[in-house]
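> I would like to see how this sequence folds:
(one chain, ligands or ions: 1)
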Amino acid sequence: MKVTEAELVISAVGPKQYPNNALPEIALAGRSNVGKSSFINKMINRKSLARTSSKPGKTQTLNFYKINGGFMFVDVPGYGFAKVSKTEREKWGQFIEEYISTREQLRVVVQLIDIRHEPSRDDKAMYEWLTYNQIPCIIVATKVDKIPKGKVQKHVKLIKDSLGAKGTLIIPFSAETAQGKDQAWNALMGYIRS
Ligand code: GDP
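Here you go, the predicted structure:
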């Protein structure tokens, strides 16, 4: 997949601001610091279009990136900040859930999980919720360059078992080495074209 155009269309604070075109959308979800911005930037060959390390407390937005004029990446606010209040977390949850469960253009959710660690409670809740709602999803296991090559399959299995993700594709990925990039594009294009 050759990305020739990538632009931030809007950082939306609510549904009224979502782009009203029919372009298919790929949503990206994961806890903060998992490597979501790095994933987006690597996939679209940009150093810093998606901002990295967004801090808790900032206004949470859904960021819509138009790719090659043909589809959208939608950067969903990172879940699982320990520092914010319960009310704020619930507000985020509703915001994300409403978008994912009602958006017609949404074709697939990419759930990002750090390959080094067992999925957190939030990761599990997110995955369960996606499956329960029958939302197509793939898992990108980030930062694979940080573990020895010989341990990758063991970590992938740990994620799979811990989530109960039997049929779900899990792609080990590195924003440093671009490992997994082609595989991720192939998988995503399958959803865009169908
Ligand atoms: P976000 O909060 O999910 O958007 O996470 P970022 O993309 O900002 O990444 C958080 C931190 O992890 C940053 O310091 C990144 O440089 C680092 N990081 C992200 N992806 C990778 C990766 O694939 N390999 C390594 N070694 N570091 C990564």
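> Next to the ligand, which bits of the chain? Give me the list.
For the chain, the residues in contact with the ligand (C-beta under 6 Å from any ligand atom) are 30, 32-38, 52-54, 78, 142-143, 145-146, 174-176. All C-beta atoms are positioned from the backbone trio N, CA, C, and that covers glycine.
> Keep only those of these that are in strands.
When the residues of the chain next to the ligand are checked against strands using DSSP state E, the ones located there are 30, 142.
> So which residue is smack in the middle of this structure?
Per C-alpha atoms, centre = their mean, the C-alpha nearest to the average position across the chain is that of residue 28, at 2.1 Å.
> residues touching that residue, list them.
Shown here is residue 28, whose contacts under the criterion C-beta atoms under 8 Å, 6 or more residues apart in numbering are 36, 39-40, 73-76, 109-110, 112.
> mind checking the longest helix of the protein?
helix 86-102 (DSSP state H).
> how about that helix: buried residues?
By 16 or more other C-beta atoms under 10 Å, the buried positions in helix 86-102 come out as 92-93, 95-96, 99-100.
> in which helix or strand would I find the residue nearest to the centre of the chain?
Applying DSSP states H and E as the criterion places residue 28 in strand 25-30.
> tilt between that strand and helix 86-102?
Computed with axes from the mean of the first three to the mean of the last three C-alpha atoms, to 10 degrees, the direction of strand 25-30 lies at 150 degrees from that of helix 86-102.
> can you pull the buried residues of the helix or strand harbouring residue 154?
Following DSSP H and E, the helix or strand that holds residue 154 is helix 152-163. Buried residues in helix 152-163, counting neighbours by 16+ other C-beta under 10 Å, are found at 155-156, 158-160, 162-163.
> Would you state the predicted confidence (pLDDT) at residue 87?
As predicted, residue 87 sits at a pLDDT of 77.
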